[in-house]
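Visitor: no sequence on this one, just coordinates:
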Ligand SMILES: C[S@@+](CC[C@H](N)C(=O)[O-])C[C@H]1O[C@@H](n2cnc3c(N)ncnc32)[C@H](O)[C@@H]1O
């Protein structure tokens, strides 16, 4: 009976699309393998290589390398020349697969997504219990992949576009301000700001102790130990009461109690302080988010963000596609009345929030 209603053309199209997605999912694994083994980096100069030459250059097993190259060629991740039986990368392929630090290098994103396959049993369980999956229980590749993918985007926009878009903040930071970065993770945003504004002091707070350890290391490497302080503490408990700016980068929607966190932020700001809220780009409804970005965000949010929030007190679970309207309701509830979209990119919205 069920088959009687099936339109074979529609079924073929849907099946074809889903098999394409399977190819993409396997492509992530292939790309992640190549990243870990330095295969793309060895090819990135653009020179053509046989599988043997690539195996020699990387010290790896030729037969495995040859199959990996075939998988990449069929995915159009590398180029194949059948005449010479060699493989190479175009400049664009080299950016996406081998240019660490470039905003369009996707390896951090792949690392992040592959970790979700490892964590999948925890998420299945969390659907049954409603207890979520705490950030601290995730595979470490989630933290490293997030840092690796987000940092180049912050490096591109934060100091150059987002800070100047906040009323008077650039000047305050140049003169010397106190800033809290809450839910700072590995401290990418904290460190970028600390480097650009040496007269200001930056406090990075996160409830995940391992991330704070990592942030301290990163700050040391970046030479900004003198004007950064990192502390393990929740968004509702972080210390201080005279911040010129409190920022939350891609973390408000991960919090169990974003209203409680924003209420605490308000109590720590100077009267003329600014609350900077950076959230994933989204429209205000599911129908507004029927986009590729929406597809990626809702899936990531199902596997990570919603679970992270449900694992905490209140468990509001805003989701990564909350949108400005819902975020405004949360911020209003926390006592903020002035909310303005100061900037946006394809990936993020930046809100300037004041009492
Ligand atoms: C998606 S990560 C973003 C990290 C960082 N802000 C960035 O943009 O790279 C979300 C972060 O929020 C933190 N977080 C979630 N809930 C929190 C809470 N209640 N208090 C403090 N940090 C929290 C997590 O530990 C994690 O580091």
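Guide: In hand now; what should we look at? These numbers come from a predicted model, not from an experiment. Numbering: from 1, shown residues only.

Visitor: closest point of this protein to the ligand, which residue?
Guide: residue 185 (2.7 Å; CB to the nearest ligand atom). Placement of C-beta: from N, CA and C, glycine included.

Visitor: Can you check my assumption that that residue lies in a strand?
Guide: No: checked against DSSP: H, G, I helix; E, B strand; the rest coil, residue 185 lies outside a strand; its state is coil.

Visitor: and the closest residue to it other than its chain neighbours, what does it touch?
Guide: Closest residue to residue 185 in three dimensions, ignoring its sequence neighbours and counting by CB to CB, 6 or more residues apart in numbering: residue 211, at 5.0 Å. Residue 211 makes contact with 143, 184, 185, 186, 187, according to CB atoms under 8 Å, 6 or more residues apart in numbering.

Visitor: my guess is the residue of the chain closest to the ligand meets residue 215, correct?
Guide: Yes: taking CB atoms under 8 Å as the contact criterion, residue 185 and residue 215 are neighbours in contact, 7.2 Å apart.

Visitor: what is in contact with the two at once?
Guide: By CB under 8 Å, 6+ apart, the residues touching both residue 185 and residue 215 are residue 206.

Visitor: quick one, what contacts residue 269?
Guide: When contacts are counted by CB under 8 Å, 6+ apart, residue 269 touches 243, 244, 245, 246, 275, 355.

Visitor: The same query, at a cut-off of 10 Å, please.
Guide: Contact criterion CB atoms under 10 Å, 6 or more residues apart in numbering gives 180, 240-246, 275, 336, 353-355 as the residues in contact with residue 269.

Visitor: Quick check: residues of the chain near the ligand?
Guide: For the chain, the residues in contact with the ligand (CB under 6 Å from any ligand atom) are 135, 146-147, 150, 183-185, 188-189, 206-208, 211, 234-235, 249-251, 254-255, 308, 312.

Visitor: Pull out the buried positions in stretch 317-327.
Guide: Along stretch 317-327, these residues count as buried under the neighbour rule (16 or more other CB atoms under 10 Å): 317, 318, 319, 320, 321, 322, 323, 324, 326, 327.

Visitor: in the stretch 251-355 of the chain, which spans are helices?
Guide: 258-268, 292-300, 306-310, 323-333 (DSSP state H, counting those that start in this stretch).

Visitor: Who are the packing partners of the shortest one?
Guide: Helices and strands touching helix 306-310, by 3 or more CB pairs under 10 Å, 6 or more residues apart in numbering; DSSP states H and E, are helix 107-129.

Visitor: what angle do the helix it packs on and helix 292-300 make?
Guide: With axes from the mean of the first three to the mean of the last three CA atoms, to 10 degrees as the basis, helix 107-129 and helix 292-300 are set at 50 degrees to each other.

Visitor: buried stuff in helix 107-129?
Guide: In helix 107-129, counting by 16+ other CB under 10 Å, buried: 107-116, 119, 122-123, 126.

Visitor: Could you do stretch 92-108 as well?
Guide: Counting neighbours by 16+ other CB under 10 Å, the buried set in stretch 92-108 is 93, 94, 95, 96, 97, 98, 99, 103, 105, 106, 107, 108.

Visitor: and it, what's its mean pLDDT?
Guide: Stretch 92-108 shows an average pLDDT of 97 in the prediction.

Visitor: swap in stretch 149-158?
Guide: For stretch 149-158, mean pLDDT rounds to 96.

Visitor: do the same with stretch 325-345
Guide: Mean predicted lDDT for stretch 325-345 stands at 98.

Visitor: would you turn the buried residues of stretch 317-327 into CSV with distance to residue 170?
Guide: Conversion of the buried residues of stretch 317-327 to CSV gives the following (distance: CB to CB, whole Å):
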residue, distance to residue 170
317, 35
318, 29
319, 32
320, 29
321, 30
322, 28
323, 28
324, 23
326, 29
327, 24
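
Visitor: Most widely separated two among the residues you listed?
Guide: Pairwise distances across the buried residues of stretch 317-327 (CB to CB) peak at 17.8 Å, for the pair 317 and 324.

Visitor: Work out for me the element the nearest residue to residue 102 once chain neighbours are set aside sits within.
Guide: Using CB to CB, 6+ apart and skipping the chain neighbours, the partner closest in space to residue 102 is residue 95 (5.4 Å). Here residue 95, judged by DSSP states H and E, is contained in helix 91-98.

Visitor: quick one on the thing from earlier: deepest in the core, which of the helices of the stretch 251-355 of the chain is it.
Guide: helix 306-310 (a mean of 24; mean count of other CB atoms under 10 Å).

Visitor: Contacts for that one next, please.
Guide: For helix 306-310, contacts defined as CB under 10 Å, 6+ apart pick out 119, 122-123, 126-127, 129-138, 142, 208, 251-258, 298, 300-301, 315-320.

Visitor: what secondary structure does residue 83 sit in?
Guide: Each residue gets one of three states, and residue 83 gets coil by three-state DSSP.

Visitor: How many neighbouring residues does it have?
Guide: The burial count assigned to residue 83 is 5, neighbours taken as other CB atoms under 10 Å.

Visitor: And for residue 8?
Guide: Residues within reach of residue 8, counting by other CB under 10 Å, total 8.

Visitor: Check it and give its pLDDT.
Guide: The score at residue 8 is 96. That number is its pLDDT.

Visitor: got a list of what it touches?
Guide: When the contact criterion is CB under 10 Å, 6+ apart, residue 8 has no partners at all.

Visitor: From residue 104, how far off is it?
Guide: Here residue 8 is placed at a distance of 39 Å from residue 104 (CB to CB, to the nearest Å).

Visitor: repeat for residue 130
Guide: Here the criterion is CB to CB. By it, residue 130 lies 38 Å from residue 104.

Visitor: Alright, I will stop here.
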